[in-house]
Every structure is written in C-alpha cells, then in structure tokens.
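>>> whatever this is, show me its structure:
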Amino acid sequence: MQLNAIPKIRKPENSPFVSFAKGTKERELLVKELDHIRNNPSGKHSTLPLWIGGPVYSTNEHKICIPPHDYKRILSYYDTSSEEHVKKAVRTVLAAKKRWSSIPFAYRLSIFQTAARLLETKYLMQMTAAVMEDYSKSPYEAFIDVQELIDFWNYNAYYASKIYEQQPESNTDSFNMTDYRPLEGFVYAVPPNNFLAIEGNLPTAPLIMGNVVIAKPSSDVVYSFHLILKILLEAGLPSDVLAILHGDSKMISEILTTHPSFAGVHFTGGTDVFDDFYTVVGQNIKTYREYPRIVGETGGKDPIVVFPGYNPVSTAAAIAVGAFGYQGQKCSATSRVYVDEESWAKILPPLHDFIHTIKVGDVADFKNYMGAVINESRRKEIMAYVDRALQPSADDMIEAVYVGEKPNPGGLFIPPVVIVTKNPHFVTMEKEIFGPVVTVCKLPKKNYESRVLKLCDETSPYGLTAAVQTNDIFKFCEALDELKYVAGNIYNWKTTGAMVAKQPFSGARKSGTNSKVGGPDNLRQWTIPRTLGISFIKPTDFAPPYLDRE
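Down below sits the predicted model:
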C-alpha cells in the first residue's frame, strides 16, 4: 500500500491527573464502577478465554481471579493453555507478521494513539476500578498506573515516529536511508503482577514497531489484562498479531523460548526468572534464526541516603510514600535507608506518626492508604522477614521494629513496618522483600559521610532507583559520582514516581538491561535497522584514478 506523505505524529503531553477528592464528579463515577464490579446481580462470572486470532475457550483447568483485599470474592474465571494452544499461538502470529509489518507506520501508530484516547475517556473509570480490584490499589495508585499506560501508548507512538525520522546523510552521488525493520520472528512478552502500565506496555512496545507478540500475563492480574485487550481491539489492533496465553508459565516459556522463530523476550519480574531466560537462550543459541533480544527489568533494593541537616519531616514523608505506596510492591519502592544516629532521632517522631496514621484495608474505602499484597505466597514471604526482625539474634543488631495499626481480617493485609538496625548487612538491608517493609540502618555520626556511600554501593546486587537527600550541592554531586552504578534512576527526595517522557525508567546490575521505558531507547530494541544506498551514477569501470594502465 502506498502512502505519499511523510506523516508527523503530534508530540503528546502527560495525561492529566485526577484527584478523586471528596465531592468530585470523578469520585462519584469511580464509586459507581466499583459498585458495578462488586454487585453482580446474576451471580454469574465471566470466563476469560485465551486469545489466538480470536477467543479460544479451553477444556483445561479453569482458574479464578480474586481481589486480594477480599479473597473470598470472585472477579472472573479464566481458561488455561495446553501445549497445542502455545504452538497454535506461534503459527497464528507468524502468519500475520508480513501483513502487520507492511502497513504504513502512521496507520499502525494510530491504533495505539486511539487506544490511549479510549483509555483516557471511555474506559478511564472502568479501568481504574478494575485495577483497584485486581491489584488492590488505592484510587490514587490505581489511577496513576492507568495514567502511565495512557502515556506509554501516546509517547511510544511519538517516539517511534522520531526513530523513523533518524536518517543518514546523503551526498551528490547517492541517496541513503535507514529502514527500521521489526525483528524477524515473534516477541514473547511476560508482564508482572504489580503494574497495569507494564502489563500493557510490554506487549505493545514491540507491536508498535511492527512486531508480532505472544503475551503471558501474570495469573494474579488476568482480569485487568483482558480489559487492555478489549481496548486494543476496539482501537483497531488486528486480532492475529497479539496472542494471549494463560496458565503454566514454565510450559509456555519452554515452548516459546526454544522455538527457532523466537526473536526476543520483553520481561518484568523476578531476577531468577530473568536469569533463566539468559540461560535458555545461551543453551539454544544455535537453534534461533536470529540472536534473540533479551530485554527486561527485574528487582530493586532501592536506598535513600540521608545526609545530616536535611529536613527530617521531608525524609519521613519520603520513606512513607516510597516504602508504603502500593504496599511496597513497586520495584522502585524504598526498602533501605541510611542515616546517622543524630538525624534518625529527629526523623523517627514524624515517621512514627505517619505509620500509625496509615490505614490498611479494602481499597474501596477511601480512608485506606494501603490495600492488600497481591497473593498469599507474597504475604508469607514478607512476614517471614518481619518475623526474623522481631526475633533477632545478637548479630542482627536490631534496635527496634515499628509496626502500624493491625488491619481488619478478610484480605491479604500487612501493616507498614519499619525495622531499625545498626547492622548494614542485616538480611532486610540486602534482600528484596517487595512488601511494605523498610529497613533503616542507623550509623554512628563519626565517619558517616565517608562511609555511607561505599556501604550503599556495595550492599545490594541491584541497580534500579535511589535517592540522595542533602542541601549541600557538593555532597549531592559527590554522591552521584560514588553511586554511579547504584541506580538507573536517582532522585533528590524519594525513590518512586518516574513519569513517562520525564524520567525514562529502568536499571542495570541485577535490576535488568536498563532499556529505558518511557523514552525511545526501549523501542529501538525491537527493530533491526537496514541501510539502503541508492547510487545516482553507476561507474562503468573498476579502476580508481591512481592506477597506471598500459
């Protein structure tokens, strides 16, 4: 199909914030959507199918989607995949690949711009309510998650167009061009269970660049993923370029990652799982048609380093927001804090007030700042770390454990927890917990500034986010230098809150491949550039001018 135009994609702005403050129309609409989800007059629940060129209902085991804050209630059922479903998904998307990659890029990008607009208007309240129920996120946390997906779709379309604009120089004798081809096979997208925005971005970033994708959403959040699929299809996404599989992650991954047409994985999740992808690719490297792209973000052990003289109330607020927002289930969550003993004495009172002000419970109750953790396995893992701190050995050097108000039963709730230790290598200073637990390492004031940065750098294998709190610009610059590889995103207050296009996000070390989402870098992973050279005048002789010919 010919397109005699050079399309110009509008540079977007971040989606506007909605507060859901008391008395606002948006709050009224959100409550209405929550009531609609919860009040199921028929008593029947939908079954979410696999998607392989269209809905596919399986005779395999059916599983349930439940809200973590009310684990006796059912949101929906969903079908699970067999080996044949996985193989069919590969055949389906590969058959659609040539047609999808051949349409003019502006038409392809318009689908995701349409999806963004649908999500920002028609589906805004429905999706926010779905995220609250599926993830147990507060209205604020749910909305900024939805908002981020809107921004991903809008900005990724814009960044893709800017990548296509990047072209080589030509000269008087030739015209040169770069063609940004999609990868040759299929991309496997493996989203996590903590962010809708990532759930929506991991499959669509490769799709935007003309790839075909097979996605396996986390079993904990299938309910919201299917609303993403609904929006994409309504926006015009062809039914056969994205396949959705549920069920046994190990079985699905084994088939897909050993297939000759496996072209890459787009992943967010645990470090051990990501390590396994590298292992499998290495072991099967001679199998593939091309070298697969391994793109991913994994864990974090994100620190705040506090220098003496910083505002203690501001530090306390940064800890509360960073450690307890969405129950600490953000890869960027504040999980360790370094502070000298004199500063800690000033930080503790306001932080103590904050953790005892925070209410935990049903996210539909707007008095609650925190909801539940995502599943029972996560709850047990988190509580094992808390129990270790509550029953320390002499070497642990635990000074105190502060625990917030006990939540009501009925959900997978954990109150905010602050562990205070003098041991910079206590287990909760080093291991990722992924829950509402933050450990404060209280160090002697003597030699604090000369010691703390080295400790921070060498304690954790991760390199995702960090914050340095100081009013001294020289100390801040020194910290940036000494902590060069501690974080892919570093701030001067808290460790969370990256915005699309403003702070492109991801980390290195054991936090992933630092393939920044929210900017153009991630999209480049999903292309294979081809350079074209068109000569205007073709020589008719081989010989250069210097050659003496008899």
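
>>> around residue 415, count how many other residues there are.
Counted with other Cβ atoms under 10 Å, the burial measure for residue 415 works out to 21 neighbours. In this view, the C-beta of every residue, glycine as well, is placed from N, C-alpha and C.

>>> test my guess that it contacts residue 401.
No. Applying Cβ atoms under 8 Å, one finds residue 415 not in contact with residue 401, separated by 11.4 Å.

>>> tell me who's in contact with the residue nearest in space to the middle of the chain.
Against the mean C-alpha coordinate of the chain, by Cα atoms, centre = their mean, the closest residue is residue 198 at 3.9 Å. By Cβ atoms under 8 Å, 6 or more residues apart in numbering, the contact set of residue 198 is 191, 192, 268, 517.

>>> which of those lies closest to residue 54?
Looking at these and their distance to residue 54, the nearest is residue 191, at 21.3 Å (Cβ to Cβ).

>>> against residue 512, how distant is the closest one?
14 Å (Cβ to Cβ, to the nearest Å).

>>> what sits in contact with each of these two?
In the contact map built from Cβ under 8 Å, 6+ apart, the residues linked to both residue 191 and residue 512 are residue 268.

>>> out of the contacts of residue 198, the closest to residue 366 would be?
Of all those, the one sitting nearest residue 366 is residue 192; the distance, using Cβ to Cβ, is 26.5 Å.

>>> that closest one against residue 201, yeah?
No. Using Cβ under 8 Å as the test, residue 192 is too far from residue 201 to be in contact (11.1 Å).

>>> ok, these two, which is more surrounded?
Higher neighbour count among residue 192 and residue 201: residue 201, with 27 against 22, using other Cβ under 10 Å.

>>> now name the helix or strand holding the more buried one.
Mapping residue 201 onto the secondary structure by DSSP states H and E places it in helix 196-208.

>>> where's residue 142 relative to residue 134, distance?
9 Å.

>>> residue 268 too?
When residue 268 is compared with residue 134 (using Cβ to Cβ), they lie 17 Å apart.

>>> then residue 533?
If you measure residue 533 against residue 134 using Cβ to Cβ, the figure is 51 Å.

>>> how about the contacts made by residue 402?
Taking Cβ under 8 Å, 6+ apart, we find residue 402 in contact with 351, 352, 355, 417, 418, 420.

>>> which residues does the last one bridge with?
Counting by DSSP bridges, residue 420 is bridged to residue 400, residue 440.

>>> so it sits against residue 400, correct?
Yes. Between residue 420 and residue 400 there is a contact under Cβ under 8 Å: 4.6 Å.

>>> the longest helix in the chain is where?
When the chain is parsed with DSSP state H, its longest helix is helix 139-165.

>>> one step back: please identify which of residue 533 and residue 134 sits among more neighbours.
When neighbours are counted by other Cβ under 10 Å, residue 533 and residue 134 differ, and residue 134 comes out ahead with 28 against 10.

>>> averaged pLDDT, the helix or strand harbouring that one. What do you get?
Remark: residue 134 resides in helix 124-135, with elements defined by DSSP H and E. Helix 124-135 shows a mean pLDDT of 98 in the predicted model.

>>> now swap in stretch 8-15 and tell me
95.

>>> what about it, how long is it end to end?
Taking Cα to Cα, to the nearest Å, the first and last residues of stretch 8-15 lie 20 Å apart.

>>> tell me how far it is from the chain's mean position?
Averaging C-alpha positions (Cα atoms, centre = their mean, to the nearest Å) puts stretch 8-15 21 Å from its chain's average.

>>> and for it, what are the contacting residues?
Contact partners of stretch 8-15, identified using Cβ under 8 Å, 6+ apart, comprise 106, 109, 113, 116, 120, 147, 150-151, 154-155, 157-158, 160-161, 499-502.

>>> list only buried entries from these.
When neighbours are counted using 16 or more other Cβ atoms under 10 Å, these contain these buried positions: 106, 109, 113, 116, 120, 147, 150-151, 154-155, 157-158, 160-161, 500-501.

>>> could you work out the most separated pair of those?
Farthest apart among the buried ones among the contacts of stretch 8-15 by Cβ to Cβ are 106 and 147. That separation is 25.2 Å.

>>> quick one on the thing from earlier: not counting residues beside it along the chain, what's closest to the residue nearest to the centre of the chain?
Counting by Cβ to Cβ, 6 or more residues apart in numbering, residue 268 is the residue found nearest to residue 198 once chain neighbours are left out, at 5.0 Å.

>>> what's the one you found in contact with, if anything?
Taking Cβ under 8 Å, 6+ apart, one finds 190, 191, 192, 195, 198, 202, 296, 297, 298, 331, 512 in contact with residue 268.

>>> now do residue 200
For residue 200, the set of contacting residues under the criterion of Cβ under 8 Å, 6+ apart consists of 149, 152, 153, 191, 228.

>>> can you pull the pLDDT of the first one?
At residue 149, the predicted lDDT confidence score is 98.

>>> now the third one
The predicted local distance difference test score for residue 153 is 98.

>>> same question, the fourth one
As predicted, residue 191 sits at a pLDDT of 97.

>>> separation between it and residue 92?
Applying Cβ to Cβ, the value for residue 191 to residue 92 is 20 Å.

>>> the more surrounded of those two?
In this view residue 191 and residue 92 are compared by other Cβ under 10 Å, and residue 191 has more residues nearby, 25 against 22.

>>> now do the contacts for the closest residue to the more buried one other than its chain neighbours.
Nearest non-adjacent residue to residue 191, counting by Cβ to Cβ, 6+ apart: residue 199, 4.1 Å away. Residue 199 makes contact with 149, 191, 192, 217, 218, 221, 224, 225, 228 under the criterion Cβ under 8 Å, 6+ apart.

>>> quick one, what contacts the second one?
Just to be clear, that refers to residue 191. Residues touching residue 191, when contacts are defined by Cβ under 8 Å, 6+ apart, comprise 198, 199, 200, 202, 203, 215, 217, 218, 225, 268.

>>> can we see that at 6 Å?
For residue 191, the contacting residues are 198, 199, 202, 217, taking Cβ atoms under 6 Å, 6 or more residues apart in numbering as the criterion.

>>> residue 413 - how many residues pack around it?
Counted with other Cβ under 10 Å, residues neighbouring residue 413 total 23.

>>> shouldn't it be in contact with residue 407?
Yes. Contact status for residue 413 versus residue 407: in contact at 3.8 Å, counting by Cβ atoms under 6 Å.

>>> hey, what's in contact with both of those two?
Common contact partners of residue 413 and residue 407 (Cβ under 6 Å, 6+ apart): residue 360.

>>> sorry, back to before: which one of the buried ones among the contacts of stretch 8-15 is nearest to residue 254?
residue 160 (31.7 Å).

>>> I'd say that closest one and residue 210 touch.
No. Checked against Cβ under 6 Å, the pair residue 160 and residue 210 is beyond contact range at 9.1 Å.

>>> tell me the secondary structure of residue 53, please.
When the structure is split into helix, strand and coil by DSSP: H, G, I helix; E, B strand; the rest coil, residue 53 lands in coil.

>>> number of residues surrounding it?
Residue 53 is flanked by 18 other residues according to other Cβ under 10 Å.

>>> residue contacts, it?
The contact partners of residue 53, by Cβ under 6 Å, 6+ apart, come to 92, 239, 240.
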